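Novice: Build me a model from this:
(2 chains)
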Amino acid sequence: MKQQIELRTSPHVKAAHTVEQIMRNVVYALLPIAAFAVWQFGISALALILVVTASCLGTEYAFSRSAGRGNTLSDWSAAITGLLLALTLPPGFPLWMGAVAGFIAIALGKTLFGGLGYNVFNPALVGRAFVQAAFPVAITTWTPAGLPGRFMEFIPSTLALPFMTPAPVAEWSRQQVDSFSGATPLAQWKFEGVVTSTSELFTGMVAGSAGETSALLILLCGAYLAARRMMDWRIPAAVLLGAVVTAGLFYLVNDQHYPTPLFVLFSGGLMLGAMFMASDMVASPVTPLGIWIYGLLIGIVTVVIRYFGGLSEGVMYAILLGNALSPLIENLTQPRIYGARKGAKP
Amino acid sequence: MTLLRWFGRKTFSHGVHPQAHKEDTADKPIRRLPFAPRMIVPLAQHLGKPSRPIVRVGEEVGRGQLIAEADGFMSVPQHAPATGVVEAITLMPSAQGPRVPSIIIRVYEASNQEVLWRTPRDVAALTPEQIVQAVQDTGLVGLGGAAFPSHVKLKVPAGAVIDTLLVNGCECEPYLTTDHRVMVEQGRDLIRGTQLAMRVVGAKQAIIGIEDNKPDAIAAIRAHLPADGSIRVEAVETKYPQGAEKMLISSLLGREVPSGGLPAQIGVVVNNVGTLTALGKLLPRGEGLIERVITVAGPGVKKPGNYLVPIGTPLRFLLEYVGFNGREQEVILGGPMMGNAVSSLDVPVTKGSSGVLVLSSSEISAETRRIHPCIKCGKCVAACPMHLNPTQLGLLAAKREYDAMAERFHLKDCIECGCCSFVCPSSIPLVQYFRIAKSILRERAA
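Specialist: Coordinates of the predicted model:
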């Protein structure tokens, strides 16, 4: 009998999920959110999502090729970064700035550290933090959701030429909707003392970054990933729990000054950040206790920044801080091994 | 986990749920395999020192005859698996890779293969020390896969007091149904072996732990239980690696074996059901271990089943008998989680082989996956039954920081069950990294 036999090491069977499958499913989970963003904000949001994602994919391709790692687009992780980044930007964000954000996210946030698996921070947030510092006006220029002409007309700032001041949007928005103040619900609360109703926040017909407005939709998409075990549910749970408990304490102390915990939960980028960014596997701890500490920390810091910082939103910096601390948290929370002797060092 | 034990099924924490794949062979009664024309009996098919051959080339041997004696206490003898003539004593390939000295017997075709070599004894009259010696004389080793000499396991270390004998009937490896069939068909021998082992170690009770996917085995054993209540059967959750000694102790007794220690330190001795069944069968008759039950299965096998196979049967003969499918195959000795892929079909069935699996080429290619960088998903951390941190261990192994692995991340506590590699979405061969790291550390220490 002539028989060719193969040799490999045990185990000889494997669980179903591969990196590609996990990453691809995160992209699937982000698509409804992206579609909703397009529905709310029209062709400007669509153009932004396409440009930012293309920028991320192009950067990933160029850098992984030049680094001799071959084509790494097939692992789908660059597509996640692109989609996520676009969803955190204002819908009228100038496209060229979006392209810069995408380039920075992948180049500085990912390939500089060695590509997938080695990034210290969530790449999308690195990109966003960069443009937050570089283009402070453009990234806080909001437009109302659900404008009648949104599928016919770009928001004026979208098509700004590189290095030119984008067209002012405030005047344009006021022409479209009489009462629009140009602020997100969080900014309205923080700077004007106006609280948006929770149901509006839940369904998302409010101003905000392209993909952060409907808490309900984000919850559903996150639940899909968690149910398929492609995301660790403990991280978003811990983030949201940390935020709600912190907000609840402030609300108990002074319910005139501070908003309800539900407002905190459903406004701004908290839901998107908790579900899709804090849960970035690479930049979060793997130890059971560490996961909870990391999540709670992000939730608490988010609320503290919102209440006491100069910005109306704090999710981004809270997650970046959590990312930075995650190796330390992991080190301090090594699991107790089976059979560990009492009194022995951990 | 305490909660789980009180309110739910008996189990341990972490672990994985691979597809069982036992449906092809679970209902197939044990059948005897014909004798191969040539038997290959390795002198080192157990943990410990290899045995010393006492036959010469050209000598005729009878089935069951002693052909190699134990070399000290940490060793076992070998017996002739068939009547024939010693053709050679030479190096032959082994499942682990390196070639090992083996006795090759050319089997007499005309022989009726009756076992004439036996010394029946009244086991009831023997002292525990005499039983330990008698067990060594049978050449019995752990049949679950570890091949640890059984008499060594039954010899309680000085100072230890054993209260419980655990009998391991989990068979948590996918595909394998060897122990399952032995429990269904040979319950009486199992109980006899269990009672003997209890006497030797001085245990007041014995618990037979069986995964709850084998209700027929649980029922079959219960029918043979003695009336005094000293032996009981407990169903445990079907989960890999439930059959790992430490996991089973944790599931059934809620005790943990101290790191680096032995079960005897916490009053427990664990034995596999196949081992104790063989003990119950061989000891009263005074026979040597010359055959064992193995499962032959996998998508590449035409006649999957449970076979009683003479030890020393070459895999080539066995696989020709059950029939190959397909072309490119992976042949595994043992289960798919911990078994070894063999490099040659001249490798024989040994005392520790619990199964022979043939995985077809399509199945392999689906699993031939690109290795990605670790994305720190933490699935291995959530899977490791020893509660180690395979993520960190893997990153350190890639950097060859073996000392840090041992000192800071408890490498030596790894039981090499393979759960980490099984769940890894990046297809990183974690457990293989750990085996290599351990062997390098061992070499350095030596």
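Novice: Now do the contacts for the residue nearest the centre of chain B.
Specialist: Centroid-nearest residue in chain B: B:Gly145, 1.6 Å away (criterion: C-alpha atoms, centre = their mean). Neighbouring residues of B:Gly145 by C-beta atoms under 8 Å, 6 or more residues apart in numbering or on different chains: B:173, B:334-335, B:338-339, B:352-354. In this view, the C-beta of every residue, glycine as well, is placed from N, C-alpha and C.
Novice: I'd guess it is in a helix, am I close?
Specialist: No - going by DSSP: H, G, I helix; E, B strand; the rest coil, the assignment for B:Gly145 is coil, not a helix.
Novice: mind checking how far it is from B:Ala95?
Specialist: Applying C-beta to C-beta, to the nearest Å, the value for B:Gly145 to B:Ala95 is 11 Å.
Novice: Identify the contacts common to the two.
Specialist: In contact with both B:Gly145 and B:Ala95: B:334, B:353, using C-beta under 8 Å, 6+ apart.
Novice: And the contacts of B:Gly145, which two are furthest apart?
Specialist: Largest separation among these by C-beta to C-beta: B:Glu173 and B:Gly352, giving 12.9 Å.
Novice: Need the phi and psi values for A:Phe191.
Specialist: phi -100, psi -20 (degrees, to the nearest 10).
Novice: how deep is it tucked in, by neighbour count?
Specialist: By other C-beta atoms under 10 Å in any protein chain shown, 11 other residues sit near A:Phe191.
Novice: got a list of what it touches?
Specialist: Counting by C-beta under 8 Å, 6+ apart, A:Phe191 has contacts A:183, A:312.
Novice: What pLDDT is listed against it?
Specialist: Note on A:Phe191: pLDDT of 75.
Novice: Also A:Phe180?
Specialist: Reading off the model, A:Phe180 has pLDDT 67.
Novice: Could you do the one 3 residues further on as well?
Specialist: The predicted structure scores A:Ala183 at 72 on the pLDDT scale.
Novice: Okay, and the beta partners of B:Arg232?
Specialist: Here B:Arg232 sits in beta bridges with B:Ile207, going by DSSP bridges.
Novice: Pull the number of nearby residues for the closest residue to chain B within the stretch 151-300 of chain A.
Specialist: Nearest to chain B in the stretch 151-300 of chain A, going by C-beta to the nearest C-beta, is A:Val286, at a distance of 3.5 Å. A:Val286: 24 surrounding residues under other C-beta under 10 Å.
Novice: For B:Gln392, see how far away it is.
Specialist: 8 Å.
Novice: and for these two, which residues touch both?
Specialist: With C-beta under 8 Å, 6+ apart as the test, A:Val286 and B:Gln392 both reach A:Glu330.
Novice: tell me which element residue 224 falls in.
Specialist: I went with chain A, as the question did not name one. Per DSSP states H and E: A:Tyr224 is located in helix A:215-227.
Novice: Could you give the average pLDDT over that helix?
Specialist: 92.
Novice: Can you give the contact residues for that helix?
Specialist: Helix A:215-227 has contacts (C-beta under 8 Å, 6+ apart) with A:25-26, A:28-30, A:32-33, A:36, A:201-204, A:211-212, A:231-233, A:236, A:265-266, A:271-272, A:274-276.
Novice: what do you get if the cut-off is 6 Å, keeping everything else the same?
Specialist: A:29, A:32-33, A:36, A:202, A:231, A:233, A:236, A:266, A:271-272, A:275 (C-beta atoms under 6 Å, 6 or more residues apart in numbering or on different chains).
Novice: Flag the least confident of the residues you listed.
Specialist: Here the lowest pLDDT out of those sits on A:Phe202, with 71.
Novice: distance of the residue lying closest to B:Pro226 once chain neighbours are set aside from A:Trp189?
Specialist: What sits nearest to B:Pro226 in space, not counting adjacent residues and going by C-beta to C-beta, 6 or more residues apart in numbering or on different chains, is B:Ile191, at 6.7 Å. Distance, B:Ile191 to A:Trp189, using C-beta to C-beta: 74 Å.
Novice: residues touching residue 49, list them.
Specialist: Defaulting to chain A. Applying C-beta under 6 Å, 6+ apart, the residues near A:Ile49 are A:34, A:86.
Novice: not quite, I wanted chain B
Specialist: Contacts of B:Lys49 (C-beta under 6 Å, 6+ apart): B:71-72, B:74-75.
Novice: Please indicate which of those has the highest neighbour count?
Specialist: B:Ser75 (22 neighbours).
Novice: Nearest residue to that one in space, please, no chain neighbours.
Specialist: B:Ser75's closest residue in space is B:Lys49 (C-beta to C-beta, 6+ apart), at 4.2 Å.
Novice: helix or strand for whatever residue of the stretch 1-150 of chain B ends up closest to chain A, which one?
Specialist: The minimum distance from the stretch 1-150 of chain B to chain A, using C-beta to the nearest C-beta, falls at B:Pro18 (5.7 Å). Assessed by DSSP H and E, B:Pro18 sits outside every helix and strand.
Novice: My read is that it contacts B:Leu176, right?
Specialist: No - with contact defined as C-beta atoms under 6 Å, B:Pro18 does not count as touching B:Leu176 (11.7 Å).
Novice: of the two, who's got more company?
Specialist: B:Leu176 (30 against 23).
Novice: Can you check the pLDDT for the more buried one?
Specialist: 95.
Novice: ok, residue 285 - contacts?
Specialist: Picked chain A for this. A:Pro285 touches A:291, A:294, A:326, A:329-330, counting by C-beta under 6 Å, 6+ apart.
Novice: I was after chain B.
Specialist: Counted by C-beta under 6 Å, 6+ apart, B:Arg285 has contacts B:118, B:120.
Novice: distance of it from B:Ser230?
Specialist: B:Arg285 is 24 Å from B:Ser230, by C-beta to C-beta.
Novice: Same check on B:Gly97?
Specialist: On the measure of C-beta to C-beta, B:Gly97 and B:Ser230 end up 43 Å apart.
Novice: Am I right that B:Ile67 is in a strand?
Specialist: Yes - judged by three-state DSSP, B:Ile67 forms part of a strand.
Novice: can you list the residues of the stretch 201-346 of chain A near chain B?
Specialist: Proximity of the stretch 201-346 of chain A to chain B, by C-beta under 6 Å from any C-beta of the partner chain, involves residues A:281-282, A:286, A:335, A:337-341.
Novice: And the buried ones among the residues you listed, selectable in ChimeraX?
Specialist: Here is the ChimeraX command that picks out the buried ones among these, judged by 16 or more other C-beta atoms under 10 Å in any protein chain shown:
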select /A:281,282,286,335,337,338,339,340
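Novice: Pretty sure B:Lys246 sits in a strand.
Specialist: No - going by three-state DSSP, the assignment for B:Lys246 is helix, not a strand.
Novice: ok so, going back, arrange the contacts of B:Lys49 in JSON lines, one row each, with distance to B:Val132 as further columns.
Specialist: Below are those laid out as JSON lines (distance: C-beta to C-beta, whole Å):
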{"residue": "B:Asp71", "distance to B:Val132": "17"}
{"residue": "B:Gly72", "distance to B:Val132": "14"}
{"residue": "B:Met74", "distance to B:Val132": "13"}
{"residue": "B:Ser75", "distance to B:Val132": "14"}
